[in-house]
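Trainee: Quick one, what's the 3D model for this:
(2 chains)
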There are 2 protein chains.
Amino acid sequence: MKEHTIQLNLSPERKPKPQSADLGFGKIFTDHMFIMDYTEGQGWHDPRIVPYQPLSLDPSCMIFHYGQSVFEGLKAYLTEDNRVLLFRPERNFQRLNRSNERLCIPAVDVDMAIEALKQLISVEKEWIPKWEGTSLYIRPFIIATEPFLGVKPSSRYQFIIILSPVGLYYKEGIKPVKILVENEFVRAVAGGTGEAKTAGNYASSLKAQEIADRKEYSQVLWLDGVEKKYIEEVGSMNVFFKINGEVVTPALNGSILDGVTRNSVIQLLKHWGMTVTERRISMEELREAHQAGQLEEAFGTGTAAIISPIGELLWKDEKMIINDGVTGPVSEKLFHTITSIQGGKEPDPFNWTMEVEQCIEVK
Amino acid sequence: MKEHTIQLNLSPERKPKPQSADLGFGKIFTDHMFIMDYTEGQGWHDPRIVPYQPLSLDPSCMIFHYGQSVFEGLKAYLTEDNRVLLFRPERNFQRLNRSNERLCIPAVDVDMAIEALKQLISVEKEWIPKWEGTSLYIRPFIIATEPFLGVKPSSRYQFIIILSPVGLYYKEGIKPVKILVENEFVRAVAGGTGEAKTAGNYASSLKAQEIADRKEYSQVLWLDGVEKKYIEEVGSMNVFFKINGEVVTPALNGSILDGVTRNSVIQLLKHWGMTVTERRISMEELREAHQAGQLEEAFGTGTAAIISPIGELLWKDEKMIINDGVTGPVSEKLFHTITSIQGGKEPDPFNWTMEVEQCIEVK
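Mentor: Numbers count the residues shown, from 1 in each chain, chains lettered A, B, ... in the order given. The predicted model follows:
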């Protein structure tokens, strides 16, 4: 793979690293980044690790006007014996390519992307925080960089990976959150881009989130765009419910994200002998289950928060308190098990973790 | 308006200007741009005209990840007696603020934005092409610039105006185009962002456009996202049909763009004593009108192309040839009248044009 030789241009200066577990999320970035260019007719070229630096882009670059972009989010963890683990990175880069397909962006080579990520993390190993609940958040993204005003797929792109040492995504941690069921705004619809991890999906979600914030709810629960009856996602997470002993989650229908944590939760629950069903779930069904005392737990799943228990749902004027507003045993066990596997503290029966060997010596 | 004093920093170098009417669209940019910053707690500040230059943005800037952005498109025209005219610019900046509202971006002062645009055009007057069918395309846009990974409205923005001398948007000119009715992909849905001029709407449209291109159709006709029965827009234009002597266009329903050219067309047609109705129009109705020989004309409207006649619609496997595939008299008259008003060649009964006085002397 000669064409994949990654050029190394290390920074002469190193920034101070965070000194406590109180890191926040997505505010601090490491000393280096990975970058690779795409040019029509030439393909992806010039993969390189360079000092973390501003992007210099013509104001007419298509990313600023037509939003052709995709991204991913995953994490690297430092184990107690100082090894570095990634969690199912191949799934993130495979999904990146499915997003690429929807957004008319050329695919990247998954093996090459993982190799690039490993080399970058190898350079930045000292940046991985060692405190409980912390990790190195990884943000791969692709943006359209052709300087042109006109609606068409770009002829140029940049694929970039940046790294950020992070604490907990939700300040609440594993404490249950209050969720507002959204009846006006719509996140996505079949035939749209809901399945893709693309910038526009997040921009369109801000308005509903702003209204939820004002009402002191943490996130919104999105309903389907057609009938506004069926449950899709919660905020930027997938959502699960335990109803009368059985776990249910909305089936992948083209408008919700195929979450890596979602998939891991389904596998784990099955491994534990529980019944998990992916299907269409209406708010009316959820309300009936709640009234019958059968809505036992609810939680969101995502890379940032892993498991985020839901203590309350507000639908129109009806408040549904779930499990007395405390974290349920299934949510708790999932959070503990997944974070333990990610951190190398528990056996990994599914081979989900991938070790990053120290392939580059950094002084 | 002391806070609105626009700083001038003119470029010592001037690029060569295009030498013929064969300009293309959106590829050439002028010597200067307008830029203004927003900082939470401080509001919009530091409006300035500076040399056209790359934007330097941290790779974590929210525009690259969460797509919080809006834009506008309008044109400046040079009249035969060397005056500069804008076409209804207040409507563009009012719409920019409606898009801002949907995307949780702080509003800009419309008067200030128009003043900024006038000053910028005054500096760049020599860039306005003088050939028939050419103009100076104006692209105001706002991007989220806070360096932060997390889904929330940005605390920082940049409002930028760039200028591009342009020829005809569609190479076909006023020649009728072939349009594919889209049955799978969806542009927008009620509760989404269809009414806003935001990047994500354009990114999500690329896939359907790519398929249309392959079938040798110029654009797609979007149907509603819920039932896929009702007509919304064509490509990135509004759409009109003349059925049995009456002109109809989809009513503004929250998922289609409130086009400036659309509004001007409605006013002009009424001024001419024609019946124009804004209402819901189904593909089935259109098909029946076509079969009955009553679908007399169809055309798209937008700032870039002004009027784009439709010569053929392909819906599923049915081809509908409209007006024998030639430009109809209403399309022709609208194109001629609007471009003549824009260029100062015909009286302007609606006071649509706004003159840009030479307010800045440029050597």
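
Trainee: Could you tell me whether residue A:133 really is in a helix?
Mentor: No: checked against DSSP: H, G, I helix; E, B strand; the rest coil, residue A:133 lies outside a helix; its state is coil.

Trainee: Give me the phi and psi angles of it.
Mentor: phi 80, psi 0 (degrees, to the nearest 10).

Trainee: Check residue A:237 too.
Mentor: According to degrees, to the nearest 10, residue A:237 has phi -130, psi 160.

Trainee: what bridges to it?
Mentor: Following DSSP bridges, residue A:237 is listed with bridge partners residue A:234.

Trainee: Assign the residue nearest to residue A:135 when sequence neighbours are not counted to helix, strand or coil.
Mentor: Using Cβ to Cβ, 6 or more residues apart in numbering or on different chains and skipping the chain neighbours, the partner closest in space to residue A:135 is residue A:75 (4.2 Å). C-beta: built from backbone N, CA, C; applies to glycine. The local conformation at residue A:75, judged by three-state DSSP, is strand.

Trainee: what's the burial count for residue A:75?
Mentor: By other Cβ atoms under 10 Å in any protein chain shown, the residues close to residue A:75 number 21.

Trainee: residues contacting it?
Mentor: A:86-87, A:135-138, A:166, A:303, A:342 (Cβ atoms under 8 Å, 6 or more residues apart in numbering or on different chains).

Trainee: so the closest residue to chain B within the stretch 151-300 of chain A is in which element?
Mentor: With Cβ to the nearest Cβ, the shortest gap between the stretch 151-300 of chain A and chain B falls at residue A:200, namely 1.8 Å. Element membership of residue A:200 [criterion: DSSP states H and E] is helix A:199-214.

Trainee: Over to residue A:97?
Mentor: helix A:89-102.

Trainee: do the same with residue A:38
Mentor: Taking DSSP H and E as the criterion, residue A:38 maps to strand A:32-39.

Trainee: Enumerate the positions of that strand that are buried.
Mentor: The neighbour-count check on strand A:32-39 (16 or more other Cβ atoms under 10 Å in any protein chain shown) flags A:32-38 as buried.

Trainee: Output the helix or strand following that strand as CSV, restricted to C-alpha atoms.
Mentor: For strand A:32-39, the following helix or strand on the C-terminal side (DSSP H and E) is strand A:43-51. The C-alpha coordinates for strand A:43-51 follow below in CSV (Å, rounded to 0.1, in the frame of the first residue of the first chain):
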residue,chain,number,x,y,z
GLY,A,43,-8.8,10.0,-5.9
TRP,A,44,-7.8,10.4,-2.3
HIS,A,45,-4.2,11.4,-2.0
ASP,A,46,-1.5,12.9,0.3
PRO,A,47,-2.4,11.4,3.6
ARG,A,48,-0.5,13.2,6.3
ILE,A,49,-0.2,13.8,10.0
VAL,A,50,0.4,17.5,10.6
PRO,A,51,0.4,20.0,13.5
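
Trainee: got the angle between strand A:43-51 and strand A:32-39?
Mentor: 160 degrees (axes from the mean of the first three to the mean of the last three Cα atoms, to 10 degrees).

Trainee: Any idea how far apart the tips of stretch A:168-183 sit?
Mentor: This stretch, stretch A:168-183, spans 29 Å end to end (Cα to Cα, to the nearest Å).

Trainee: mind showing which ranges of chain A have poor pLDDT?
Mentor: A:1-4, A:169-173, A:361-363 (pLDDT under 70).

Trainee: hmm, back to that, what residues sit buried inside the helix holding residue A:200?
Mentor: Judged by neighbour count using 16+ other Cβ under 10 Å, the buried positions of helix A:199-214 are A:199-209, A:212.

Trainee: Output the contacting helices and strands for the host helix or strand of residue A:240.
Mentor: Using DSSP H and E, residue A:240 maps to strand A:238-243. Strand A:238-243 is packed against strand A:246-250, helix A:260-271, helix A:283-291, strand A:295-302, with contacts defined by 3 or more Cβ pairs under 8 Å, 6 or more residues apart in numbering or on different chains; DSSP states H and E.

Trainee: Let me have the buried residues of strand A:32-39 in TSV, adding distance to chain B as columns.
Mentor: TSV is the format used below for those (distance: Cβ to the nearest Cβ, whole Å):
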residue	distance to chain B
A:32	11
A:33	6
A:34	10
A:35	9
A:36	13
A:37	14
A:38	15
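
Trainee: out of those, who's nearest residue A:217?
Mentor: Taking Cβ to Cβ as the measure, residue A:217 sits nearest to residue A:33 out of the buried residues of strand A:32-39, at 35.3 Å.
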